[in-house]
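need a 3D model of the sequence below.
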Amino acid sequence: MHNAGVSETLPKQAGEATGAPRTRRLAYSDLPAVISIERRSFPTPWSLAMFVLELSKPSGICLAAIDGDDLLGYLVCSRYDQVWHLMNVAVIPERRRMGIASRLISQLLEEAGRDLPFTLEVRVSNRDAIAMYEGLGFRSAGVRPRYYQDNGEDALIMWLD
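Got it, this is the predicted structure:
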């Protein structure tokens, strides 16, 4: 059984695609790799229990970007009554700025449909993420002061209607 938390460096087989990740539903078996990416991505990472809780919600959509057996990134989105809340998106540092997060969000929009609006919070200093969200159609709708516990940074609230 493959351990999703271990990135193997086996040579690729002839004809096996590399660099073109595919998306699928995030699975409980992905969580060791998710936690590894989470800890490398955020100053206050989510706990394993938080991911388990989100995966257990039947109304949520949790996606993985994979290349072969390697988890490259993930997305967690929850539905609350009449809105989708994009709660967590991360990509391994070595593969950032290659369109993986955009691909995950595009897949989310396709799966969730566009009947309900989407919202998210992002650090006001995270210019790359803000630009990516704007490129996908999200628009700024205000600020949550001192939203982030690690340094008291404000969060930009963004919406896609």
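
elements contacting the helix ranked longest in the chain?
The longest helix of the chain (DSSP state H) is helix 100-112. If you count contacts as 3 or more Cβ pairs under 8 Å, 6 or more residues apart in numbering; DSSP states H and E, helix 100-112 packs onto strand 22-25, strand 61-67, strand 70-80, strand 83-91, helix 127-135. In this view, the C-beta of every residue, glycine as well, is placed from N, C-alpha and C.

Val143 is nearest to which of these?
With Cβ to Cβ, the closest approach to Val143 among the helices and strands packed on helix 100-112 belongs to helix 127-135: 12.1 Å.

what angle sits between that closest one and strand 83-91?
Interaxial angle of helix 127-135 relative to strand 83-91 (axes from the mean of the first three to the mean of the last three Cα atoms, to 10 degrees): 140 degrees.

hang on, the earlier thing: and the helices and strands packed on helix 100-112 as a markdown table, adding distance to Gly142 and mean neighbour count?
Output for the helices and strands packed on helix 100-112, formatted as a markdown table (distance: least, Cβ to Cβ, whole Å; neighbours: other Cβ atoms under 10 Å):
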| stretch | distance to Gly142 | mean neighbour count |
| --- | --- | --- |
| strand 22-25 | 30 | 14 |
| strand 61-67 | 25 | 20 |
| strand 70-80 | 18 | 22 |
| strand 83-91 | 15 | 20 |
| helix 127-135 | 14 | 14 |
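
doesn't Met50 belong to a strand?
No: Met50 sits outside any strand when classified using DSSP: H, G, I helix; E, B strand; the rest coil, being helix.

for the most centrally placed residue in the chain, give its distance to Gly152.
Of all residues in the chain, the one closest to the mean position by Cα atoms, centre = their mean is Val89, 2.0 Å from it. Per Cβ to Cβ, to the nearest Å, Val89 is found 22 Å from Gly152.

how is the protein partitioned into domains?
Following automatic domain parsing, one finds the domains of the chain at 21-116, 119-161.
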